[in-house]
Each structure stands twice: as structure tokens, then as C-alpha cells.
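Undergrad: Sequence and predicted structure are below.
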Amino acid sequence: GEKVKSTVGRMDKLLKRIESKDMIKTELSFGLERLNHFSPRFAKESILLDKTFNSHFFDEFIFEVVSCSEAGLNLTKLINNGAIYIGMKHIYYISAMYTTKYAWRYEDMGTMVKRDNKTIDFMVASFLVSQQDKDASSSSFSPVTNGVSLSFGIEEQELVFGLIDLLWKKTKGTFENETKYMKWRDSLYSIIYKRRNKKLPLKFPNTFRSHETVVDHIHASMDGGAHTGELYLTNNFQIFYVFKGTIHAHQTFSLHFSEVEALGKSNGSIEFAMVDGKKVSFLVKGSYGSSNIPALDYFWDILSADFSRFTMKTRVFGVPLQSLCTTATTIPLIVRSLCDAILEQNINVEGIFRVSASKNEAARIQNMIDRGMQVDFKVLAKDPFICSDLLKKYFRDLPEPIFGNELYYLFNAIWGAKVGGVLTEEEVVMRLREKFGSMPSNDLTVVKYIINFLSKIIANSNQNKMDLNNICVIWGPILFRTPEEELPNLNHLTVNVPPTMDSFKATAYLVELLKLLIGHKHLFIDGR
């Protein structure tokens, strides 16, 4: 028996290690895929490097190409000009006439020093060099392993130094963790777009933030006009548009994703459907970077991916309860805000929770909340039924209700026993209390909070006409899930299927269950 347990334990650990490695491999692949959008920018340059360095240019991403000259030679002499290519894995140098080609890995760099504003010195322990062939497509390389100092005269010294330094010092887990990757990505963009990051705050002093950085840009025409300008996307989910050659505020435009209802692409343009009903479009022509990829398709892929990420990041309705709870004792902010507004301003409103608000208005407010926009719930509560509708919808839209089928089946069994005289009501309560003890902490915290909240509504039933029965008829089916809800959705059928007696019975059970919890809340609230 002990040998079997030991073997099972070792197998379990092995499986976990395999799963962990597979997960890291998957996340790493995902991280590298997210860098693919750099490829079109320097497509022709990447083809050149592939031909020149062939087997040494593999799964590479080029972030920047900068003119330079070897050994600090005069940059104005075209014959000495070359370019330094800053990649993910290597740094490459090719002279203007292809007579000199270098490549070295970041891990083989010893030091990197700036000198006289235009020169960078590299101490490299090992690198590849070719000085024999003038044909870029047929190079043979010899490894140099005894260490050497390389110097390059570079006009864009700050850009090259900052970018290489970031790539050189990147941490091992950068592509295995979403937070680490996004922080690294923003640092990368802040270097690449340093000049634009300095200019945009001058044009948009009230909207471009100090921590913000451009993450991409293209040439475009706003609303199909004859003018042209530059369209910028930032890491703060903002769009900035600057008319070419102008610096005046009335000749610029900006928006935040929270103001956008939907994105679209048609007739060579990217369209923004705004929450306020307006539409803004940008006509995009030409190719992106040195590739043959249409700039419209390229920017659409980047933009739509970021918009999806933004909506998932700020979404409140329809997400798991745990995603909005930072600790085991935290009530989601949306729940607390809506409940506070109802208790402060609408607790005595007749028909609260029974009377519905305007569906369009409730949908508009939900859309604002899901896009991270500021909502003043006290002002919102001036319509007495908006907050109550949104609170019901929040719990109704949870992917997994607080009480699932397991509790329903338990209650179904013990309530049947009570009706049959096998169990007393006190025994039923104790059985349910035992079940509560095994609930996840987040769920239990929210259950206690909402039961207390509903009890306060019921306590004012003389004014709001919402007594225990009325409240439970509404909230029972919201907080609990019946087995029938797990059946396949038959809404696509043309035949109207009437509710069965079982469904009425199930709903009645849910009402009785909630009555029991609220009626004996002192036992459940103090249970843990």
C-alpha cells in the first residue's frame, strides 16, 4: 500500500512538472507570436539578414535599423556607411558595400559604453564575422572567440544604446508572464517612440499621460478628407490623430477606447462607432513599413486586438465573481456601489426590484461600466429602478451562480424530507449551514452581504411593498441555478415549449430556499 502511494505521488509530481513545462512552452510561444507584428516594419531588411546570416537568422524579430559607420568613421562618407540591425536575439552590422558583416548574441556582450555623443563601443567575447564576400547572398562566417572591441559611429546614439540595453538585460520570464511582458513591451515602445512621446503631450496636454507611450502609428486621413496625418495608438488605449504639418489644438483629434462602442473596417477605412452615437473613420492607404502588407490590414489587427484586451480588462458584467474580488473578504465594487445607492436613495421606492427601468438606458449604463468609464451611482439612483435592474443583471450574468446545482439537489432532498415529516425546519437549517461551511470564501462573503442587503429592503416593506415573499420570488431564481437551466437551449426551435410542472416546482423550491436563508440569517451570517 505504501509503495503504491509513493508511486502515485511521484507520478502526480511528474505530471505536474510536464504540465508546467507545457504551459511555459505555450506561454513562450504566445509571447513570441505577439512580436510578429514587428516583422512587416522591416520586412525587406529581414530578408536581407536571412540571406546574409541564413542559419544564424532564425525566429528573429528586428526592432530597429539605424545607419552607422564602423570604427567611428565619418557618417557623411557614404562609402563607409552601413547599418546596425537590432534584433531579439542578435545585433547585426552590415557595411554599405557588404564587405563587412558582424553578428553577435546579447549573452556574448561584455560591456557597452557611450562615447562623444555619437559613438558606442562594444566589448564582445564571441561573434561571427565575414569580410571576404561582397555578395550579400553568399556569405561564409568565421567565429571569433578571443574577444574584441567594436566601435560604431551612430547618429541615433540614445535610441540604439537604450534599445540594446533593454534587450540585453531582459529577464528570463519576460514572455511567460502577461504582467512582465506588458511592462517590458511598454519599455520597448517608450524607447522606439521616444521622440513622438515628447511631441504628443505638447499637442494633447490634457489627455496624453506622463506614463503613456505610443505603441504603433500609421499615415491616415480622417473622415476620408483630402488631408493626411498620423494616427497613433498608445498603451493607455488611446487614439491620437495629428494633421500633417499642423500643431494647433483644433487640428488634432483624440479618443479613448472607453468612448468606443464598436470597431469596423470597410471601404479602405477603420471606423469607430462611438458610445454617443457618432462615427469617426480613418482612410488608410499603402503598405506598412517595407512589407507588401496593406497598412489597413496591419493596423486593424493591432487595433482590434488591443480593443478586445481593453474590453476584457474593464469588463464587469458576465465575468467570474473571483475576477472582481481582490481578497477573500472583498465585495465586488459594482455590487457594493449599487447596493449603497439603493439603500441611500431608493430603499423606500414602491416596487423596487419588481418594476423595471428602461432597457435601453440600463444597457447604456452597463456599457459605460464595462468600458471602465466613471459612473456616479448616486446620480444614477435618481432613476429609482436603474440600480436595482443593474444589480439583478450582475448576478444573473455570472458565468457560475453563487449557488449551483449541488445546493439545489441538497435542498430538494432535505425539503422533501421536511414535507414528509422526516426532518424538522431546524434540522433543515442545520444541514444547509453545514453546506455553507464548505463554500469558497469569496462566494460566502458575497452571499452574506447580499442576504443582509435584501433583509434591509424587506425591513422597509411598509413603504416599498417588497416583503419577504416578493423579494424571494424575484431573487430566488437569480441567485440559484436549477437543473433545468443546465438543459440544452431550445430557443432556436419554432415551437413554443411551455414550462413543465417540474420547472414550477423548481422555482418554488428556490423561493422557499431563499426565504429560509433570510429568515434564519442570524445562523448563516454568523456561521463563519
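TA: Sure, I can see it. Owing to the predicted nature of the structure, the values given are computational and were not obtained by experimental measurement.

Undergrad: isn't residue 414 right up against residue 423?
TA: Yes: at 5.9 Å, residue 414 and residue 423 qualify as touching, with contact defined as CB atoms under 8 Å. The way it works is simple: take the backbone N, C-alpha and C, and place the C-beta from them, glycine included.

Undergrad: Can you check which residues contact both of these two?
TA: Both residue 414 and residue 423 are contacted by residue 431, under the criterion CB atoms under 8 Å, 6 or more residues apart in numbering.

Undergrad: Any idea how many residues pack against residue 438?
TA: Neighbours of residue 438 under the rule other CB atoms under 10 Å: 8.

Undergrad: How much space separates residue 440 from residue 480?
TA: Residue 440 sits 16 Å away from residue 480 when distances are taken as CB to CB, to the nearest Å.

Undergrad: Of these two, which one has the most company?
TA: Neighbours per residue, other CB under 10 Å: of residue 440 and residue 480, the larger number sits with residue 480, 23 against 13.

Undergrad: Could you pull up the contacting residues of the more buried one?
TA: With contacts defined as CB under 8 Å, 6+ apart, residue 480 is in contact with 401, 403, 407-408, 510, 513-514.

Undergrad: how about stretch 415-427: buried residues?
TA: For stretch 415-427, the neighbour count (16 or more other CB atoms under 10 Å) marks 415, 418, 423 as buried.

Undergrad: helix/strand/coil for the last one?
TA: State at residue 423, reduced to three classes by DSSP: H, G, I helix; E, B strand; the rest coil: coil.

Undergrad: Need the phi and psi values for it.
TA: phi -120, psi 150 (degrees, to the nearest 10).

Undergrad: Could I get the contacting residues of it?
TA: 414, 417, 431.

Undergrad: if we go to 6 Å?
TA: Each residue near residue 423 by CB atoms under 6 Å, 6 or more residues apart in numbering is listed here: 414, 417.

Undergrad: Can you give me the buried ones in stretch 390-410?
TA: Under the neighbour-count criterion of 16+ other CB under 10 Å, stretch 390-410 has 390-395, 398, 401-403, 407-408, 410 buried.

Undergrad: What lies in contact with that stretch?
TA: 317-318, 320-321, 334, 338, 435, 443, 447, 478-483.

Undergrad: Tell me which of those residues fall in helices.
TA: Among the contacts of stretch 390-410, the residues falling in helices (DSSP state H) are 334, 338, 435, 443, 447, 478-479.

Undergrad: ok, back up a step: go through the contacts of residue 480 and flag which are in helices.
TA: Among the contacts of residue 480, the members that lie in helices (by DSSP H) are 407-408, 510, 513-514.

Undergrad: before we move on, back to that, closest to residue 356 out of the ones in helices among the contacts of stretch 390-410?
TA: Proximity of the ones in helices among the contacts of stretch 390-410 to residue 356 (CB to CB) peaks at residue 478, which lies at 13.7 Å.

Undergrad: Look at the closest one and say how many residues are nearby.
TA: Under the neighbour criterion other CB under 10 Å, residue 478 is assigned a count of 20.

Undergrad: Check the gap between it and residue 518 for me.
TA: Counting by CB to CB, the separation of residue 478 from residue 518 is 14 Å.

Undergrad: Double-check that residue 110 belongs to a helix.
TA: No: inclusion of residue 110 in a helix is not indicated when three-state DSSP is applied; the result is strand.

Undergrad: Surely it is in contact with residue 123?
TA: Yes: in terms of CB atoms under 6 Å, residue 110 counts as a neighbour of residue 123; the distance is 4.0 Å.

Undergrad: Which one's more surrounded, these two?
TA: Between residue 110 and residue 123, residue 123 has the larger neighbour count (other CB under 10 Å), namely 14 against 10.

Undergrad: Which helix or strand contains the more buried one?
TA: Assigning secondary structure by DSSP states H and E places residue 123 in strand 119-124.

Undergrad: Next secondary structure after that strand?
TA: Scanning forward in sequence from strand 119-124 by DSSP H and E, the next helix or strand is strand 127-130.

Undergrad: partners of that following strand, with directions?
TA: Strand 127-130 has the following sheet partners, assigned by DSSP bridges: strand 101-105 (antiparallel), strand 142-144 (antiparallel).

Undergrad: Give me the most central residue, this structure.
TA: residue 309 (3.6 Å; CA atoms, centre = their mean).

Undergrad: element containing that residue?
TA: When elements are assigned from DSSP H and E, residue 309 belongs to helix 295-314.

Undergrad: Buried residues of that helix, list them for me.
TA: Across helix 295-314, burial judged by 16+ other CB under 10 Å covers 295-296, 298-300, 303, 306-307, 310-311.

Undergrad: Reformat those as JSON lines; add pLDDT and distance to residue 457.
TA: What follows is those, written out as JSON lines (pLDDT from 0 to 100; distance: CB to CB, whole Å):
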{"residue": "295", "pLDDT": "93", "distance to residue 457": "56"}
{"residue": "296", "pLDDT": "94", "distance to residue 457": "53"}
{"residue": "298", "pLDDT": "92", "distance to residue 457": "54"}
{"residue": "299", "pLDDT": "94", "distance to residue 457": "50"}
{"residue": "300", "pLDDT": "94", "distance to residue 457": "48"}
{"residue": "303", "pLDDT": "92", "distance to residue 457": "45"}
{"residue": "306", "pLDDT": "86", "distance to residue 457": "41"}
{"residue": "307", "pLDDT": "88", "distance to residue 457": "39"}
{"residue": "310", "pLDDT": "82", "distance to residue 457": "35"}
{"residue": "311", "pLDDT": "79", "distance to residue 457": "32"}
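
Undergrad: re earlier: which PyMOL command selects the buried ones in the ones in helices among the contacts of stretch 390-410?
TA: Only the buried members of the ones in helices among the contacts of stretch 390-410 enter the following PyMOL selection, criterion being 16+ other CB under 10 Å:
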select buried, resi 334+338+443+447+478+479
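
Undergrad: Just name the lowest-scoring one in the ones in helices among the contacts of stretch 390-410, pLDDT-wise.
TA: Of all the ones in helices among the contacts of stretch 390-410, residue 435 carries the smallest pLDDT score, 76.

Undergrad: got the contact list for that residue?
TA: residue 410.

Undergrad: now with 7 Å?
TA: Residue 435 sits next to 407, 410 when contact means CB atoms under 7 Å, 6 or more residues apart in numbering.

Undergrad: just residue 106 next, same as before
TA: Contacts here follow CB under 7 Å, 6+ apart; on that basis residue 106 touches 167-168.

Undergrad: what pLDDT does it get?
TA: The predicted local confidence for residue 106 is 91.

Undergrad: With the flanking residues excluded, which residue is spatially nearest to residue 284?
TA: Distances taken as CB to CB, 6 or more residues apart in numbering place residue 296 nearest to residue 284, at 4.1 Å, with adjacent residues excluded.

Undergrad: Would you confirm that residue 43 contacts residue 290?
TA: Yes: taking CB atoms under 7 Å as the contact criterion, residue 43 and residue 290 are neighbours in contact, 5.0 Å apart.

Undergrad: What residues of stretch 39-51 count as buried?
TA: Along stretch 39-51, the positions that meet the burial threshold by neighbour count (16+ other CB under 10 Å) are 40-43, 45-46, 48-49.

Undergrad: Stretch 187-202 now?
TA: 188-193, 196-197, 200.

Undergrad: neighbours around residue 472, how many?
TA: Other residues near residue 472 number 23, with proximity taken as other CB under 10 Å.

Undergrad: contacting residues for it?
TA: In this structure, residue 472 makes contact with 511, 514-515, judged by CB under 7 Å, 6+ apart.

Undergrad: between the residues you listed, which is nearest residue 151?
TA: Out of the contacts of residue 472, the one with the shortest distance to residue 151 is residue 514. That distance is 77.5 Å, counting by CB to CB.

Undergrad: so residue 269 sits right up against residue 283, yeah?
TA: Yes: between residue 269 and residue 283 a contact is recorded at 4.9 Å, counting by CB under 7 Å.
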